[in-house]
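Undergrad: Provided below for reference: sequence and predicted model.
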Amino acid sequence: MARIFDIVQFVDEAGAEMVHRIPERGSGDFRIGSQVIVRDSQAAVFFRDGRSLDVFGPGSHTIATANIPYVVDLIGKAFSGDTPFKAEVYFVSLREFTDLKWGTPTPITIKDPILGMARVQARGSYAVQITDPQLFVNKIVGTQGMYRTSDIQGFFRSMILTKLTDLIGEMDKSVIELAGMAEEMTMGARAKAAEEFEARGITLTSVYVEYVGPTEETAKAIDERASMGALGDMQAYMQFQAARAMRDAAQQPGGGGMAGAGVGLGAGMGMGAAMAQMMGQSMQQPAQQAAPAAPAAPAAPQTAADIQATLDNLDMRLAAGELSEAVYTKLYSKWEAKLKAMGG
């Protein structure tokens, strides 16, 4: 025999549930005269046949035909005050849920003006508040079929990530530049996602992009391009390195994470300024008025250390603009092959 609910209530001791369903499975039997107890910062929504119907706010309510008009109307003439009716009740929390986490489960692939294609990761936090419980139950429970808090939060994360991915594509920035644009992305992601949340009865009270940066593979590609002097904006590269240092320091166990982050940031920015200045000075040096067609070659390197020094020198000359890419590639390949042949 189906259970008849004479008292309907939900107490969330931990304050962690966005929605609680009564009964947890199937439909419950309710009748005129049953009590619905709704606590502060809650709303109780009667649900039947795939849609939300009557809503009760905070307080103690006795179910009567007058306060469940949509349920009565849906059931029709078959309904009698003495006859139990089937429905579900969703208790919706109206408090603000803060410090909820989001992140990329898999890297996002973007077009990069420097690398061609790049893979980035991002993570952050957000806060939400359900402001229209009836609309929320209609859209999330009725349309999406979700009522477990973990499922709902997973849906919220996917909404934020979709908008962030769109935003990154519209910004058309390299992954190096994105690493220093967390604040701009925070503002843009909230502006893009807020309307989607509102359409489901939810206010996105805040969203933060705490980190955005490349995968390890993309980071290695950036480092390789930088070592060859192939990145046009060395200052942006060093800002990118500083952001990575800050991320890595913050992830270190123990209490020194944030202190390490500050040191990493300061060191990265200082090194960035110094390198940018050095690169600028060397690239601004006037070309020699009469460069010889074939400069005299120094004595051929004999040891692995000599060859490595030659390779390093080629890197510096390319970065300073003394060698073309073609000449650099030819010479570098030649000496690199000799170094490998020597077991270096």
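TA: Yes, it's here. Numbering: from 1, shown residues only.
Undergrad: tell me the contacts of M117?
TA: Each residue near M117 by C-beta atoms under 8 Å, 6 or more residues apart in numbering is listed here: T109, I110, K111. Heads up, the C-betas are built off the backbone N, CA and C, glycines and all.
Undergrad: Now list the buried members of those.
TA: I110 (16 or more other C-beta atoms under 10 Å).
Undergrad: Identify, from the contacts of M117, the entry nearest to K86.
TA: T109 (48.4 Å; C-beta to C-beta).
Undergrad: Bridged to that closest one, which residues?
TA: Counting by DSSP bridges, T109 forms beta bridges with R119.
Undergrad: Roughly how far does it sit from G169?
TA: 10 Å (C-beta to C-beta, to the nearest Å).
Undergrad: Okay, helices next: where are they in the stretch 1-150 of the chain?
TA: Under the criterion DSSP state H, counting those that start in this stretch, helices of the stretch 1-150 of the chain are mapped to 69-75, 133-136, 149-171.
Undergrad: export the ones you listed to TSV and tack on mean pLDDT?
TA: Output for these, formatted as TSV (pLDDT from 0 to 100):
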stretch	mean pLDDT
helix 69-75	80
helix 133-136	95
helix 149-171	92
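Undergrad: closest one to E336 among these?
TA: Distance to E336, taken as C-beta to C-beta, is lowest for helix 149-171 among the helices of the stretch 1-150 of the chain, at 35.8 Å.
Undergrad: What are the buried residues along that closest one?
TA: Buried residues in helix 149-171 (16+ other C-beta under 10 Å): I152, Q153, F156, R157, M159, I160, L161, K163, L164, T165, L167, I168.
Undergrad: Kindly report the same for stretch 107-121.
TA: Going by neighbour count (16+ other C-beta under 10 Å), the buried part of stretch 107-121 is P107, I108, I110, D112, I114, L115, A118, R119, V120, Q121.
Undergrad: D112 and I160, how far apart?
TA: Distance from D112 to I160, by C-beta to C-beta: 22 Å.
Undergrad: do V8 as well
TA: 34 Å.
Undergrad: can I get the helices of the stretch 1-150 of the chain in a markdown table with distance to I222?
TA: Formatted as a markdown table, those follow (distance: least, C-beta to C-beta, whole Å):
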| stretch | distance to I222 |
| --- | --- |
| helix 69-75 | 59 |
| helix 133-136 | 43 |
| helix 149-171 | 16 |
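Undergrad: and D40, which of the ones you listed is closest to it?
TA: Smallest distance to D40 across those (C-beta to C-beta): 13.9 Å, for helix 133-136.
Undergrad: Check which helices and strands the closest one sits against.
TA: Counting contacts by 3 or more C-beta pairs under 8 Å, 6 or more residues apart in numbering; DSSP states H and E, helix 133-136 is packed against strand 42-48, strand 51-56, strand 85-93.
Undergrad: Residues in contact with the last one: which ones?
TA: Applying C-beta under 8 Å, 6+ apart, the set of residues contacting strand 85-93 from outside is 8-10, 12, 15, 17-23, 27-31, 36, 38, 41-48, 52-53, 71, 75, 79, 130, 133, 136-137, 141, 147.
Undergrad: quick revisit: rebuild the buried residues of helix 149-171 as TSV, extending it with distance to L314.
TA: Converted to TSV, the buried residues of helix 149-171 look like this (distance: C-beta to C-beta, whole Å):
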residue	distance to L314
I152	57
Q153	53
F156	52
R157	47
M159	50
I160	46
L161	43
K163	45
L164	41
T165	40
L167	40
I168	35
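Undergrad: circling back to that earlier point, please pick the buried ones from the contacts of strand 85-93.
TA: Buried among the contacts of strand 85-93 (16+ other C-beta under 10 Å): 8-10, 17-22, 28-30, 36, 38, 42-48, 52-53, 71, 75, 79, 130, 133, 136-137, 141, 147.
Undergrad: Report how many residues lie close to W102.
TA: Counted with other C-beta atoms under 10 Å, the neighbours of W102 add up to 24.
Undergrad: Name all residues that make contact with the nearest residue to it once chain neighbours are set aside.
TA: Closest residue in space to W102, ignoring its immediate chain neighbours: R157 at 4.3 Å, by C-beta to C-beta, 6 or more residues apart in numbering. Applying C-beta under 8 Å, 6+ apart to R157 gives the contacts K101, W102, G103.
Undergrad: partners of the residue nearest to the last one when sequence neighbours are not counted in the sheet?
TA: So that's G103. Excluding the flanking residues, the one nearest G103 by C-beta to C-beta, 6+ apart is R123, at 3.6 Å. In this structure, R123 bridges to G103, Y211 when assessed by DSSP bridges.
Undergrad: What pLDDT is listed against S125?
TA: In this model, S125 is scored at 96, pLDDT.
Undergrad: any idea how far it is from L314?
TA: The value you get for S125 to L314, if C-beta to C-beta is used, is 46 Å.
Undergrad: Mind checking which of the two has more residues around it?
TA: Neighbours per residue, other C-beta under 10 Å: of S125 and L314, the larger number sits with L314, 21 against 15.
Undergrad: tell me the phi and psi of that one?
TA: With angles defined as degrees, to the nearest 10, L314 sits at phi -60, psi -40.
Undergrad: Show me the protein divided up by domain.
TA: Domains of the chain are assigned by automatic domain parsing as 7-93, 96-232, 242-281, 304-341.
Undergrad: which one of those domains has the lowest average pLDDT?
TA: Among those, domain 242-281 has the lowest mean pLDDT, at a mean of 48.
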